[in-house]
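Visitor: Using only what follows, build the 3D model:
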Amino acid sequence: MILRIGNASGFYGDRFDAVREMLTGGELDVLTGDYLAELTMLILGRDLMKDPSAGYAKTFLRQMEEGLALAHERGVRIVANAGGLNPAGLADALRALAGRLGIPARIAHVEGDRLPPGPDVLAANAYLGGGGIAACLAAGADVVVTGRVTDAALVTGPAQWFFGWGPEAYDELACAVVAGHVLECGTQATGGNYAFFTGHDPAVLRRPGFPLAELHADGSAVITKHPGTGGLVDTGTVTAQLLYETAGARYAGPDVTARLDTVRLTQDGPDRVRIDGVRGEAPPPTLKAGLCRLGGFRNEVVFVLTGLDIEAKAALVRDQIADALAEPPPREVRWELVRTDREDAASEETASALLRLVVRDPDPEKVGRALTGAAIELALASYPGFHVTAPPGKGAPYGVFESAYVPVGEVPHTAVLPDGTRVSVPVPPGTRALEPVPEPDLPPPLPPGPVRRVPLGRIAGARSGDKGGDANVGVWVRTEEEWRWLVHTLTADRFRELLPETKELPVERHVLPNLRALNFAVTGLLGEGVASQARFDPQAKALGEWLRSRHLDVPEVLL
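Guide: This is a model prediction of the structure:
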């Protein structure tokens with residue numbers, strides 16, 4: 001038996017026509033969509049404040065105007081976390097849509113993830129597992145919408161239903177988690193955001209197809225895509241996605257803790273990668289929860305500095321703004337000078353640098369008129385060539401994401417079946433507290449030889465991302481010789497040297513020999529999370545590419 005599960009969304013705002021592509025492009029049993037990121041929960045929380053009937057991903061409802069009929073014709077079940085903060089509301093809207101279209105779709109939803117909010121909290125949600133989804137499918141649901149479940153639960157739920165896996169089928173569930181993690185970000189598994197994209201025909205990567213997984217009862221899977229779609233699936237694209245937003249060898253979830261250090265990837269033909277060997281352990285006794293709250297108000301002004309004396313121009317305007325800001329000044333005032341300028345430049349734009357001022361404060365007035373007025377009044381009284389990239393505006397609210405953990409028994413995981421019956425999903429029969437995996441034995445280093453100073457990215461790929469205020473960077477290589485060099489060279493200390501932003505931060509290195517990969521977890525790099533926009537790249541999406549651009553002495557034998 002094979003269960004074919006596809007993905008049609010990696011985030012709220014992904015390619016709209018992917019649902020049609022996946023439903024018409026080839027054989028499929030279940031179509032999933034991931035619509036919820038940390039930032040999305042904050043957006044939906046603000047929507048819900050304005051309209052109690054909102055709080056879900058409206059894009060999904062529009063996609064179902066065509067998708068319900070296509071799925072019904074082909075016998076494909078649909079599972080999506082588009083319910084956000086209001087899965088019951090989305091389920092009702094889908095029933096109304098199905099009625100208008102004359103489609104006998106049985107709609108179910110999963111709830112119980114919402115936690116009691118605290119002061120200034122817009123959304124507080126625990127990450128549920130796949131048990132509620134499995135119960136809904138077993139009751140005959142054609143469409144299951146959820147609130148905050150783990151991204152991988154969109155795959156573990158259908159797998160539990162289809163194969164009848166019990167809660168202690170840890171190895172099988174762990175493989176489903178790995179497959180779900182590969183699928184969750186859509187085209188990132190099929191050549192999107194891929195470090196080695198220049199080694200492939202640009203026409204192939206212009207429009208990557210969305211991925212699907214063929215799950216087997218023995219706890220193995222194959223990652224592939226529909227025939228004739230763009231992009232590629234190879235061990236590199238799958239490795240990159242496996243490293244995305246993970247950390248150590250133990251990848252914990254509410255269904256199972258998957259051991260990423262046991263994953264084996266093999267090329268199984270063109271655009272087919274086999275996953276096997278995955279081992280699982282009992283899940284931890286707590287569920288991760290995400291808390292989204294208002295952090296205050298922020299504003300920014302970007303000054304353009306052109307030509308000569310860039311540093312002196314920056315110093316002048318900084319002093320002038322400091323004198324003009326209200327007393328006391330905003331709680332946080334942050335300046336960044338980005339040297340995009342070139343000497344003797346052929347265009348004004350390439351002769352210019354950007355000086356970015358960001359302010360934050362609980363009081364919107366302190367980051368509103370106090371800032372914009374001070375900047376505008378300098379227009380004729382500051383450095384030569386004074387101008388800004390956009391007219392300064394009013395301060396805007398910003399959000400903060402925090403992680404918390406709650407005992408699994410305190411969260412009422414509930415499946416609401418198509419007939420309205422409410423079924424309580426039992427807690428796992430056993431749990432296991434998380435603990436670090438000892439570092440594995442390392443291969444011998446390469447023998448000494450001539451080296452050449454080149455960018456790390458000449459031989460290594462990387463993929464980076466965010467988890468709240470923390471960032472991770474996964475780095476992998478493609479051959480055993482490259483691995484012998486990388487694992488001995490790229491230590492946590494060397495990582496800090498190459499990325500000076502991380503120099504004073506905790507950096508933890510995790511070794512994954514089966515993937516020839518290192519995963520670096522950086523604590524605190526992103527401040528209070530993406531919604532707070534604490535740095536230039538607030539989700540650390542390009543942190544790995546910065547690392548790949550840094551120069552190291554690489555053995556010539558590898559080049």
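Visitor: Please count neighbours and contacts with C-alpha atoms only from this point.
Guide: Fine.
Visitor: can you count the residues close to Arg496?
Guide: Neighbour count for Arg496, taken as other CA atoms under 10 Å: 18.
Visitor: So it sits against Arg509, correct?
Guide: No - when contacts are counted by CA atoms under 8 Å, Arg496 is not listed as touching Arg509 (11.2 Å).
Visitor: Buried residues in the lengthiest helix in the chain, which are they?
Guide: Under DSSP state H, the helix in the chain containing the largest number of residues is helix 58-74. Residues of helix 58-74 classed as buried: Phe60, Leu61, Met64, Gly67, Leu68, Ala69, Leu70, Ala71, His72 (neighbour count, 16 or more other CA atoms under 10 Å).
Visitor: I figured Gly10 hits Glu184, correct?
Guide: Yes - proximity of Gly10 to Glu184 meets the contact threshold set by CA under 8 Å, at 5.7 Å.
Visitor: what residues are shared contacts of the two?
Guide: With contacts taken as CA atoms under 8 Å, 6 or more residues apart in numbering, Gly10 and Glu184 have Gly33, Asp34 as neighbours in common.
Visitor: The stretch 351-500 of the chain: helices as residue ranges?
Guide: Using DSSP state H, counting those that start in this stretch, the helices found in the stretch 351-500 of the chain span residues 369-376, 480-489, 492-498.
Visitor: so how far is the worst-scoring helix or strand of the chain on mean pLDDT from its chain's centroid?
Guide: Counting by mean pLDDT, DSSP states H and E, the chain has its least confident helix or strand at helix 369-376, which shows a mean of 86. The gap between where helix 369-376 is centred and where its chain is centred comes out at 36 Å by CA atoms, centre = their mean, to the nearest Å.
Visitor: same deal with stretch 254-274?
Guide: Between the mean C-alpha point of stretch 254-274 and the mean C-alpha point of its chain there is a distance of 19 Å (CA atoms, centre = their mean).
Visitor: start to end distance for it?
Guide: Stretch 254-274 has its terminal residues 25 Å apart, counting by CA to CA, to the nearest Å.
Visitor: Go through that stretch and flag the buried ones.
Guide: Buried residues in stretch 254-274, defined by neighbour count with 16+ other CA under 10 Å: 254-265, 267, 271-274.
Visitor: among those, which are in strands?
Guide: Among these, the residues falling in strands (DSSP state E) are Thr257, Ala258, Arg259, Arg264, Leu265, Gln267, Val273, Arg274.
Visitor: and Thr239, which of the helices of the stretch 351-500 of the chain is closest to it?
Guide: With respect to Thr239, and counting by CA to CA, the nearest of the helices of the stretch 351-500 of the chain is helix 480-489 at 14.1 Å.
Visitor: outside of that closest one, which residues touch it?
Guide: The set of residues external to helix 480-489 that reach it, using CA under 8 Å, 6+ apart, is 442-446, 459, 476-477, 511, 516-518, 558.
Visitor: any idea which of those residues is the one closest to Val406?
Guide: Val511 (28.8 Å).
Visitor: Run me through the strand neighbours of the helix or strand encompassing that closest one, direction for each.
Guide: Assessed by DSSP states H and E, Val511 sits inside strand 507-512. Partner strands and pairing direction for strand 507-512 (DSSP bridges) are strand 517-522 (antiparallel).
Visitor: could I get the partner strand in CSV with only the CA atoms?
Guide: Extracted in CSV, the C-alpha atoms of strand 517-522 (Å, rounded to 0.1, in the frame of the first residue of the first chain):
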residue,chain,number,x,y,z
ALA,A,517,25.6,18.1,7.6
LEU,A,518,26.1,20.5,10.5
ASN,A,519,23.3,22.4,12.1
PHE,A,520,24.1,25.6,14.0
ALA,A,521,21.5,27.0,16.4
VAL,A,522,22.0,30.7,17.2
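Visitor: Now tell me what touches that strand from outside.
Guide: Counting by CA under 8 Å, 6+ apart, strand 517-522 makes contact with 243, 246-248, 470-477, 483, 487, 492, 502, 505-512, all of which sit outside it.
Visitor: top strand in the protein by residue count?
Guide: Looking across the chain with DSSP E, the single longest strand is strand 286-306.
Visitor: Report all helices and strands that that one contacts.
Guide: For strand 286-306, the contact count by 3 or more CA pairs under 8 Å, 6 or more residues apart in numbering; DSSP states H and E identifies helix 38-50, strand 121-126, strand 352-361, helix 369-376, strand 387-388, strand 396-407 as packing neighbours.
Visitor: quick one: which of those is nearest Pro104?
Guide: Each of the helices and strands packed on strand 286-306 was checked against Pro104 via CA to CA, and the shortest separation belongs to helix 38-50, namely 29.0 Å.
Visitor: Just give me how far the closest one sits from the chain centre.
Guide: Relative to the centre of its chain, helix 38-50 is centred 17 Å away, using CA atoms, centre = their mean.
Visitor: Same question for stretch 459-471.
Guide: 9 Å.
Visitor: How far does it stretch from one end to the other?
Guide: Taking CA to CA, the span from the opening residue of stretch 459-471 to its closing residue is 22 Å.
Visitor: Give me the mean pLDDT for it.
Guide: Taken as a whole, stretch 459-471 has a mean pLDDT of 94.
Visitor: Not counting its own residues, what contacts that stretch?
Guide: Contacting residues not belonging to stretch 459-471 are listed as 38, 194-196, 240-241, 243-245, 401-403, 472-478, 482, 521-530, 539-545, 548, 558-559 [CA under 8 Å, 6+ apart].
Visitor: of those, buried ones?
Guide: Of the members of those, the ones counted as buried by neighbours, 16+ other CA under 10 Å, are 38, 194-196, 240-241, 243-245, 401-402, 472-477, 482, 521-530, 539-545, 548.
Visitor: Just the ones of those in strands?
Guide: Counting by DSSP E, the part of those found in strands is Phe401, Glu402, Asn472, Val473, Gly474, Val475, Trp476, Ala521, Val522.
Visitor: give the contact list for the nearest residue to Leu48 once chain neighbours are set aside.
Guide: On the basis of CA to CA, 6 or more residues apart in numbering, the spatially nearest residue to Leu48 that is not a chain neighbour turns out to be Gly55, at 4.7 Å. Gly55 sits next to Leu44, Gly45, Asp47, Leu48, Gly83, Gly84, Leu85, Asn86 when contact means CA under 8 Å, 6+ apart.
Visitor: Wait, Gly209 touches His226, no?
Guide: Yes - contact status for Gly209 versus His226: in contact at 7.3 Å, counting by CA under 8 Å.
Visitor: any idea of the mean pLDDT for the longest helix of the chain?
Guide: pLDDT averaged over helix 58-74 equals 98, rounded to a whole number.
Visitor: With stretch 79-97 instead?
Guide: Stretch 79-97 shows a mean pLDDT of 98.
Visitor: where do the strands sit along the stretch 101-250 of the chain?
Guide: Taking DSSP state E, counting those that start in this stretch, the strands of the stretch 101-250 of the chain run over residues 107-111, 121-126, 143-146, 211-216, 221-225, 250-251.
Visitor: who does the shortest one touch, helix- and strand-wise?
Guide: Counting contacts by 3+ CA pairs under 8 Å, 6+ apart, strand 250-251 packs against strand 257-259.
Visitor: Identify the bridge partners of Ala124.
Guide: Beta-bridge partners recorded for Ala124 (DSSP bridges): Leu291.
Visitor: wait, isn't it in contact with Gly147?
Guide: No - in this structure, Ala124 is not within contact of Gly147 by CA under 8 Å, at 11.3 Å.
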